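Colleague: predicted model, plus sequence, below.
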Amino acid sequence: MSFDVAAIRKEFPILSQTVDGKPLVYLDNGATTQKPQVVIDSLVNFYTQCNANVHRGAHQLSDEATRRYEKARDQVATFINAAHRNEVIWTSGTTEGINLVAKGLAQQLEAGDEVVVTEMEHHANLVTWQQACLQSGATLRVAPIFDNGELDLDTFKASLGPNTRMVAFPHVSNALGTVNPVKELTAMAKAYGALVLVDGAQGIAHGDVDVQALGCDFYAFSGHKVFGPTGIGVLWGKQSVLEDWPVWLTGGEMIADVTYQSATWGALPNRLEAGTPNIAGAIGLGTALDWFSNLDIAAVQAHEKALIDAAMTQAADIQGMRLIGTAPNKIGILSFVMDNAHPADIGFILDRQGIAIRTGDNCAQPLMHRLGINGTARASFSLYNTLEEVSAFFAGLRKAQTMLG
Amino acid sequence: MQLPSSQEIVEDLEFFDDWEQKYQYIIDLGKALPRLDDAQKTPERLVKGCQSSVWLVTSMMDDKIHFEVDSDAVIVHGLLALVMAAYNDKTPAEITAFDIDGYFEALDLERHITPTRGNGLRAIVGKIQHLAAQHGG
């Protein structure tokens, strides 16, 4: 198998759009990825052919909706190599997945316990733990990074100890592109018997996530960052951990028996999925993961590496451009600041040229402060981007420099 | 350069047929709009967007409201100049009567004051309108 970017682009209808008369150059994939036609069709087909609530099986439509919805759970389990399908919990996205774990853990933490995160966290994997610690009296420890955006492994290891209950870190940093050594970090945490949660929001779309091989307890990700719809995500957790994890949301679907004064909880996965789920979203995500799995992942990764390598090379030729995040193991993300040009200004000028990037604090204010900046401009790449688009981005950037200079 | 009136800005911008000229004009307006001293940029005057920050200083001058503004981004400062042309040294009643959304639409810049842009501009407009309402506008 191989990878033909021109053919792939044809599967994404939005990519042929123009913005202000210029071809869209979509480089905001860290925020959300575009959707292939097959995913869009799966949403339309669901609402056209079998919209019904699931697990209420009194009629044919509901049976069909349930079948497709539960098939999507199987598709996720296969994609991340979960040991059991009931380890796949539907959420609205990464943030909800992390909250489900953090709110549960907060009930069990006490003063003296420690939670370890890193300096490179997105707010979703920081504020959640910070609040769990504030509520419970536990201590939040923040493992430092080097100035290049790489995690300081020695200090990370030294942050761990017998009181460490939870260690949470990103697979890939959304602001810096740093790829963390998940297996190694997990092994360090497991030496102290701590639970490990991996924020997979940015990691999931680059292929090769095998939760059993990683050894972590939780892996959370969002559907929309891996070519699926918004509003659907997955919290994967080890069955042995999830089985008696404290329930966070209560209501329909998640119960076994209910009286006016008491209730008992159902079995996994339903016990952690209160209320009517995002049925169409789940089906769309299953479709997206199947679509992604059918690509030649090694060839996709080689293409993505060629994109970021080209970007790093061209960046070296731009005067006054400083890259934020230059860890040796880096993927998909080019964050930067410019002398004499605010990221927002760069974003405005690129936008007018049809080039979509992110500007600002990247939902990581403490990380920005740690790096001594207020924010960055961030171009983030996906498998459907081309080398021509990388060059178009730099041409746009030079224009921004000229206009703002 | 002397800051033009809101009507003059609408006419000036209509004259340009490409985005580069238009944005260059906004950048130049931003350069012409005085900046605040660092001492004036206190936390209570800061309106923080996730992309850029703006500061707003207000004072009453007889029956009119006087504003001074600043932004850390050049284009946002230029967009603030557009807002100032509409609002600065006007009475509360004039401020309340001004159709700011229509103005930005006429400038074909409405994208920049949607609540989602995170550049603080919409928040500044909201603060100014609120202040005018408090003063009977």
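Modeller: Structure's in. What do you need?

Colleague: pairing partners for the lowest-mean-pLDDT helix or strand in chain A, with directions?
Modeller: For chain A, counting by mean pLDDT, DSSP states H and E, strand A:18-19 ranks last in confidence among helices and strands (a mean of 90). Next to strand A:18-19 in the sheet, as set by DSSP bridges, lie strand A:22-23 (antiparallel).

Colleague: off-centre distance for the partner strand?
Modeller: Taking CA atoms, centre = their mean, to the nearest Å, one finds the center of strand A:22-23 at 28 Å from the center of the full chain.

Colleague: same question for stretch A:32-43.
Modeller: With CA atoms, centre = their mean, you get 17 Å for stretch A:32-43.

Colleague: using CSV, write down the CA coordinates of that stretch.
Modeller: In CSV, the C-alpha atoms belonging to stretch A:32-43 read as follows (Å, rounded to 0.1, in the frame of the first residue of the first chain):
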residue,chain,number,x,y,z
THR,A,32,-10.2,19.9,14.6
THR,A,33,-9.8,17.8,11.5
GLN,A,34,-11.9,17.8,8.4
LYS,A,35,-14.3,15.0,7.6
PRO,A,36,-14.2,12.6,4.7
GLN,A,37,-17.3,12.1,2.7
VAL,A,38,-17.8,8.6,4.1
VAL,A,39,-18.2,10.1,7.6
ILE,A,40,-20.6,12.8,6.4
ASP,A,41,-22.6,10.1,4.6
SER,A,42,-22.8,8.0,7.8
LEU,A,43,-24.4,10.8,9.7
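
Colleague: pLDDT on that stretch, on average?
Modeller: Stretch A:32-43 comes out with an average pLDDT of 98.

Colleague: hmm, who's touching it?
Modeller: Stretch A:32-43 has contacts (CB atoms under 8 Å, 6 or more residues apart in numbering or on different chains) with A:11-15, A:26, A:205, A:224-230, A:280, A:283-284, A:286-288, A:291, A:382, A:384. No exception for glycine: its C-beta is placed from N, CA and C like everyone else's.

Colleague: just the buried residues of the lowest-mean-pLDDT helix or strand in chain B, please?
Modeller: Every helix and strand in chain B was compared by mean pLDDT, DSSP H and E; the lowest is strand B:46-48, with a mean of 83. Under the neighbour-count criterion of 16 or more other CB atoms under 10 Å in any protein chain shown, strand B:46-48 has B:Val47, B:Lys48 buried.

Colleague: cool, and stretch A:43-60?
Modeller: Buried residues in stretch A:43-60 (16+ other CB under 10 Å): A:Leu43, A:Asn45, A:Phe46, A:Cys50, A:Ala52, A:Asn53, A:Val54.

Colleague: redo those residues as a markdown table? Include secondary structure.
Modeller: Below are these laid out as a markdown table (DSSP: H, G, I helix; E, B strand; the rest coil):
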| residue | secondary structure |
| --- | --- |
| A:Leu43 | helix |
| A:Asn45 | helix |
| A:Phe46 | helix |
| A:Cys50 | coil |
| A:Ala52 | coil |
| A:Asn53 | coil |
| A:Val54 | coil |
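
Colleague: with respect to chain B, which of the residues you listed is nearest?
Modeller: Comparing the buried residues of stretch A:43-60 against chain B with CB to the nearest CB places A:Leu43 closest, at 23.5 Å.

Colleague: how many other residues sit next to A:Phe393?
Modeller: Neighbour count of A:Phe393, defined by other CB atoms under 10 Å in any protein chain shown: 24.

Colleague: an error on my part: the question was meant for A:Gln239.
Modeller: 14.

Colleague: who's in contact with the residue lying farthest from the centre of chain B?
Modeller: Distance from the centre of chain B peaks at B:Asp17, with 22.9 Å (CA atoms, centre = their mean). Not one residue lies near B:Asp17 by CB under 8 Å, 6+ apart.

Colleague: cool, and A:Gly375?
Modeller: Applying CB under 8 Å, 6+ apart, we find A:Gly375 in contact with A:Pro343, A:Thr359, A:Gly360, A:Asp361, A:Asn362, A:Met368, B:Cys50, B:Gln51.

Colleague: next step: those restricted to helices.
Modeller: Among these, DSSP state H puts A:Pro343, A:Met368 in helices.

Colleague: so A:Pro23 touches A:Gln353, yeah?
Modeller: No - counting by CB atoms under 8 Å, A:Pro23 sits too far from A:Gln353 to count as a contact (9.8 Å).

Colleague: neighbour count winner among the two?
Modeller: Shown here are A:Pro23 and A:Gln353; by other CB under 10 Å, A:Gln353 has more neighbours (21 against 16).

Colleague: just the helices in chain A please.
Modeller: For chain A, helices defined by DSSP H occupy the ranges A:5-10, A:37-49, A:60-80, A:94-106, A:127-136, A:153-159, A:182-190, A:211-214, A:239-242, A:279-293, A:297-315, A:343-352, A:365-370, A:387-404.

Colleague: and what of chain B?
Modeller: Under DSSP H, chain B gives helices at B:6-15, B:19-32, B:74-87, B:92-97, B:100-106, B:121-134.

Colleague: could you identify which of those helices is most buried?
Modeller: helix B:74-87 (a mean of 24; mean count of other CB atoms under 10 Å in any protein chain shown).

Colleague: who are the neighbours in contact with residue 106?
Modeller: You didn't say which chain, so I picked chain A. A:Gln131, A:Ala132, A:Gln135, A:Ser136.

Colleague: nope, chain B
Modeller: Counting by CB under 8 Å, 6+ apart, B:Ala106 makes contact with B:Val10.

Colleague: gap between it and A:His123?
Modeller: Using CB to CB, to the nearest Å, B:Ala106 is found at 37 Å from A:His123.

Colleague: do the same with A:Thr313
Modeller: To A:His123, A:Thr313 is 32 Å away according to CB to CB.

Colleague: of the two, which one has the most company?
Modeller: Between A:Thr313 and A:His123, A:His123 has the larger neighbour count (other CB under 10 Å), namely 17 against 11.

Colleague: how about a markdown table for the helices of chain B, with distance to A:Val167 and mean pLDDT added?
Modeller: Below are these laid out as a markdown table (distance: least, CB to CB, whole Å; pLDDT from 0 to 100):
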| stretch | distance to A:Val167 | mean pLDDT |
| --- | --- | --- |
| helix B:6-15 | 54 | 90 |
| helix B:19-32 | 46 | 91 |
| helix B:74-87 | 40 | 93 |
| helix B:92-97 | 53 | 96 |
| helix B:100-106 | 48 | 90 |
| helix B:121-134 | 38 | 91 |
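
Colleague: could I get these as JSON lines with distance to A:Ala72?
Modeller: Putting these into JSON lines (distance: least, CB to CB, whole Å) gives the following:
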{"stretch": "helix B:6-15", "distance to A:Ala72": "50"}
{"stretch": "helix B:19-32", "distance to A:Ala72": "43"}
{"stretch": "helix B:74-87", "distance to A:Ala72": "43"}
{"stretch": "helix B:92-97", "distance to A:Ala72": "52"}
{"stretch": "helix B:100-106", "distance to A:Ala72": "42"}
{"stretch": "helix B:121-134", "distance to A:Ala72": "38"}
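
Colleague: out of those, nearest to A:Met403?
Modeller: Closest approach to A:Met403 among the helices of chain B is made by helix B:19-32 (6.2 Å; CB to CB).

Colleague: from the chain's centroid, how far away is that closest one?
Modeller: Its chain's C-alpha centre and that of helix B:19-32 lie 14 Å apart, by CA atoms, centre = their mean.

Colleague: ditto for stretch A:296-309
Modeller: For stretch A:296-309, the distance to the chain centre is 19 Å (CA atoms, centre = their mean).

Colleague: just to revisit the earlier point, which of the contacts of A:Gly375 has the weakest pLDDT?
Modeller: Among these, pLDDT bottoms out at B:Cys50, giving 69.

Colleague: residues in contact with residue 69?
Modeller: Unless you meant another one, I'm taking chain A. A:Tyr69 touches A:Val54, A:Pro277, A:Ile279, A:Ala282, A:Ile283, counting by CB under 8 Å, 6+ apart.

Colleague: right idea, wrong chain: chain B
Modeller: B:Leu33, B:Leu36, B:Val54, B:Trp55, B:Leu56, B:Val57, B:His77, B:Leu80, B:Val83, B:Met84, B:Ile124.
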